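Q: pasting the structure only:
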């Protein structure tokens, strides 16, 4: 859900653009120029259609009148021209004074024009009984302004005007017949410190209404509809040349001497430019500046002119990203916590992790906290020193020489991968444990870093009491309920709830590195949880990676519980190797109590989970991919295994792994995979695009485009109906999740007048007429 640049029209005209408009019947974008020329282009193909030259001065404004089916154009030559749908002159109206702006009051059936120092209100005459489309005789003249009236907007019976005299005036149009006057109800003689050059009336889906003004004083102000100032937006580098509101994404676009527009949330007044991807890929050193800017709701497009006489067009894409979050590293892994407030975590190529939390003020902005790799390294050094001091050996086992594998048969022996020892070891896998409030990060150096909430800070926050609390409780005790914890006999003693503590308090306390799990000798690529809900007495973690070993960790104790061991008599010396190639991905099926892991040997192994590594029985193997298998996921709602590979296919397997039921061609290597837990769709990262496949008919139902490099991880956040993706382009992008279209039948009335429902043996529910189907989202 974003505005994306659709086209740039470079060959427009040899003079500057002075006005922009849109003709909904012709579906053409109009531009007026300094020399009086008017040109129009197709809205879809950007092809030049018309070139008109009826005006003798600057074209100042365009206005389409729906009832009369004409487009008005005004100029400082004092003439208003009504253009027919065919593009010819339908009416030429000589006003006699330069016209700077126009607006239609639909409720009063009036055209309001702004001049130098005054406004005129004309009655519209669709049938041209007076000789013209507007009645130019005896107009109402309002002289509230003392300089050029540059902006006029209408809302129901209210009219708003602003001009170069710094004034903002609100009028109430007369309601009795035969009177076309404007009654001023509010005047702000100094709304800005300089002339007001643009005015917009904004009404969002929450029934909020604002007036937004931009001025030569480099300030934008947001007003309530009765003229009270709510926000002041400053810090612009130049004069505000234009502004517009885009209701589809609820943002205000401001043009101010830069090649990109500044984006604001009018409700909170926050600058959200850094969180929306529309201009993030734009070059900020371009040799042009945005000048005029209009939003056309019929097209869901923003059209802007530039100082180089170009026209730029941005179009709304419902599949575009909602928010783009910039990271300082290439993103390798993602996870999130479902507890309120929802937190998103990412790990990257520099060894640091980020925590993202959406702000309450709007849905675009996120706060960022960095978990430094230096803190994790310090914790690792502390644990190693403790083990040295007490003579405790490493919990992992280092293999001194390459070990043969019983899976290899006659295959050449692969080289044993070495542990990455460089200072910036990347974080390759992330997993959040909800029950323990624990963040697990698998590293390239073979360690698993355990981050958790700072217990000391949490306890301090819980025990914190404001000064004078007993006096306040005594004073307002009558207002407290009988079971309130603030009452003396109900005070919180810190022992009533150990596990289900306040998640908000925890998040305020912050994260610290609490432990390091050391058991692997190379990159850790897989972290899979087996929780208490599966019937086990503790929470287990399965981990694996390039060393081809599977470690079983007891997370609640923070120790290595065991490792996978093959008990076959013909595998002496390689008992701990789980496969021939490195392990790339792993997932667990709680319904079958089985876990599957994908290997670079083009196979997926399915094993029965057991607390004892020697009892992890091999149940089946999935074979069929022609390339390295990068992803394996358990589709719980469908009871299927899903795999993705570099061969450009996704394969769907039966739950027992006995058969491949479907092959999906993705037209590119699969780099990330996720299961939509709401509708069980398959969400795949295919290079730098996201593709969503319907599990019923296996068709591609949604494509999300926005990343500029390979997507490494995708998570589904069902609480917000969103997908979050992380990429090597150093961004996290948030997208609207796919919502399938459901079909409902209108109940029909039978001959007796009662509503009948399709059903029964003689009236099968699959016999539907076209008129019976209602599509709902």
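A: Perfect, I can see it now. Just so it is clear, the structure is predicted and the values come from calculations on it, not from any experiment. Residues are numbered from 1 along each chain as shown.

Q: where does the stretch 51-200 of the chain have low pLDDT?
A: 175-180 (pLDDT under 70).

Q: and if you look at the stretch 551-700 of the chain?
A: 569-573.

Q: got the residue ranges for the helices in this protein?
A: Assigned helices in the chain, in chain order: 373-390, 455-463, 469-475, 503-509 (criterion: DSSP state H).

Q: Any idea which of the ones you listed has the lowest pLDDT on average?
A: Ranked by mean pLDDT, the helices of the chain end with helix 503-509 at the bottom, a mean of 56.

Q: From what I see, residue 310 and residue 288 are in contact.
A: Yes. Counting by Cβ atoms under 8 Å, residue 310 does reach residue 288; the two are 6.8 Å apart. Where you see a C-beta, it was placed from the backbone N, CA and C, and this is true even at glycine.

Q: show me the contacts for the closest residue to residue 329 other than its chain neighbours.
A: Closest residue to residue 329 apart from its sequence neighbours, by Cβ to Cβ, 6 or more residues apart in numbering: residue 348 at 3.1 Å. Residues in contact with residue 348, defined by Cβ atoms under 8 Å, 6 or more residues apart in numbering, are 327-332, 354, 426-427, 730.

Q: what do you get for residue 534?
A: Contacts of residue 534 (Cβ under 8 Å, 6+ apart): 590, 593.

Q: Over to residue 218?
A: 234, 236-240, 256.

Q: May I have the beta-bridge partners of the residue lying closest to residue 5 once chain neighbours are set aside?
A: For residue 5, ignoring the flanking residues on the chain, the nearest one in space by Cβ to Cβ, 6+ apart is residue 314 at 5.3 Å. Beta bridges link residue 314 to residue 5, residue 302, judged by DSSP bridges.

Q: where's residue 314 relative to residue 201, distance?
A: 21 Å (Cβ to Cβ, to the nearest Å).

Q: neighbour-wise, which of the two wins?
A: residue 314 (23 against 17; other Cβ atoms under 10 Å).

Q: And the pLDDT at that one?
A: At residue 314, pLDDT is 95.

Q: for it, what are its contacts?
A: 3-6, 278, 301-302, 304.

Q: repeat that with 6 Å
A: 3, 5, 302 (Cβ atoms under 6 Å, 6 or more residues apart in numbering).

Q: Same question for residue 553.
A: 517, 541, 560-561.

Q: try 7 Å this time
A: 517, 540-541, 543, 560-561 (Cβ atoms under 7 Å, 6 or more residues apart in numbering).

Q: Nearest to residue 712 among those?
A: Of all the contacts of residue 553, the one sitting nearest residue 712 is residue 543; the distance, using Cβ to Cβ, is 18.4 Å.

Q: tell me, how many neighbours does the closest residue to the closest one other than its chain neighbours end up with?
A: Excluding its sequence neighbours, the residue lying closest to residue 543 (Cβ to Cβ, 6+ apart) is residue 551, at 4.8 Å. As a burial measure, residue 551 scores 27 neighbours (other Cβ under 10 Å).

Q: So residue 551 sits against residue 521, correct?
A: No. When contacts are counted by Cβ atoms under 7 Å, residue 551 is not listed as touching residue 521 (10.8 Å).

Q: that older thread, save the contacts of residue 314 as TSV, and put in pLDDT, distance to residue 528 and neighbour count too.
A: Listed next are the contacts of residue 314 as TSV, based on pLDDT from 0 to 100; distance: Cβ to Cβ, whole Å; neighbours: other Cβ atoms under 10 Å:
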residue	pLDDT	distance to residue 528	neighbour count
3	89	39	26
5	90	41	14
302	96	45	22
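
Q: ok, the residues you listed vs residue 372, which is closest?
A: Nearest member of the contacts of residue 314 to residue 372, counting by Cβ to Cβ, is residue 3, at 35.4 Å.

Q: residues contacting the closest one?
A: Taking Cβ under 7 Å, 6+ apart as the definition, contacts of residue 3 comprise 246, 249, 278, 302, 314-316.

Q: rewinding a little: can you select the buried ones among the contacts of residue 348 for me in ChimeraX?
A: In ChimeraX, this line selects whichever of those come out buried by 16 or more other Cβ atoms under 10 Å:
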select :327,329,330,331,332,354,426,427,730
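
Q: could I get the contacts of residue 348 as a markdown table with distance to residue 95 and pLDDT?
A: Putting the contacts of residue 348 into a markdown table (distance: Cβ to Cβ, whole Å; pLDDT from 0 to 100) gives the following:
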| residue | distance to residue 95 | pLDDT |
| --- | --- | --- |
| 327 | 57 | 93 |
| 328 | 58 | 90 |
| 329 | 61 | 94 |
| 330 | 61 | 95 |
| 331 | 59 | 96 |
| 332 | 65 | 96 |
| 354 | 60 | 96 |
| 426 | 69 | 94 |
| 427 | 68 | 96 |
| 730 | 56 | 94 |
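
Q: Which ones among the contacts of residue 348 lie within strands?
A: Per DSSP state E, strands hold the following members of the contacts of residue 348: 331-332, 354, 427.

Q: Tell me the one of these nearest residue 86?
A: So of the ones in strands among the contacts of residue 348, ranked by how close each gets to residue 86 (Cβ to Cβ), first place is residue 331, at 54.2 Å.

Q: Was I right to think the closest one contacts residue 727?
A: Yes. Residue 331 is in contact with residue 727 according to Cβ under 7 Å; the separation is 5.8 Å.

Q: what's the closest non-adjacent residue to residue 711?
A: residue 685 (3.3 Å).

Q: With residue 445 instead?
A: residue 425 (4.0 Å).

Q: follow-up on the earlier one: for the ones in strands among the contacts of residue 348, which two are the farthest from each other?
A: 332 and 354, at 11.8 Å, using Cβ to Cβ across the ones in strands among the contacts of residue 348.

Q: give the contact list for residue 22.
A: 29-30, 64, 296, 298-299.

Q: Could you do residue 557 as well?
A: Taking Cβ under 7 Å, 6+ apart as the definition, residue 557 has no contacts.

Q: Ok, residue 134 next?
A: 93, 111, 122-125.

Q: go again using 8 Å as the cut-off
A: 80, 93, 111, 122-125.

Q: before we move on, the earlier item: where's the residue nearest to residue 543 relative to residue 289, distance?
A: 58 Å.

Q: List the buried residues in stretch 433-448.
A: Judged by neighbour count using 16+ other Cβ under 10 Å, the buried positions of stretch 433-448 are 433, 436-448.

Q: okay, the residues you listed in CSV with distance to residue 151 and pLDDT next?
A: Below are the buried residues of stretch 433-448 laid out as CSV (distance: Cβ to Cβ, whole Å; pLDDT from 0 to 100):
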residue, distance to residue 151, pLDDT
433, 56, 95
436, 58, 91
437, 53, 91
438, 56, 93
439, 52, 95
440, 56, 97
441, 54, 96
442, 58, 96
443, 58, 96
444, 58, 94
445, 61, 93
446, 64, 94
447, 62, 95
448, 61, 96
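
Q: contacting residues for the nearest residue in space to residue 555 that is not next to it in sequence?
A: Distances taken as Cβ to Cβ, 6+ apart put residue 539 closest to residue 555, at 4.6 Å, once the chain neighbours are dropped. Residues in contact with residue 539 (Cβ under 8 Å, 6+ apart) are 433, 435-436, 529-532, 554-556.
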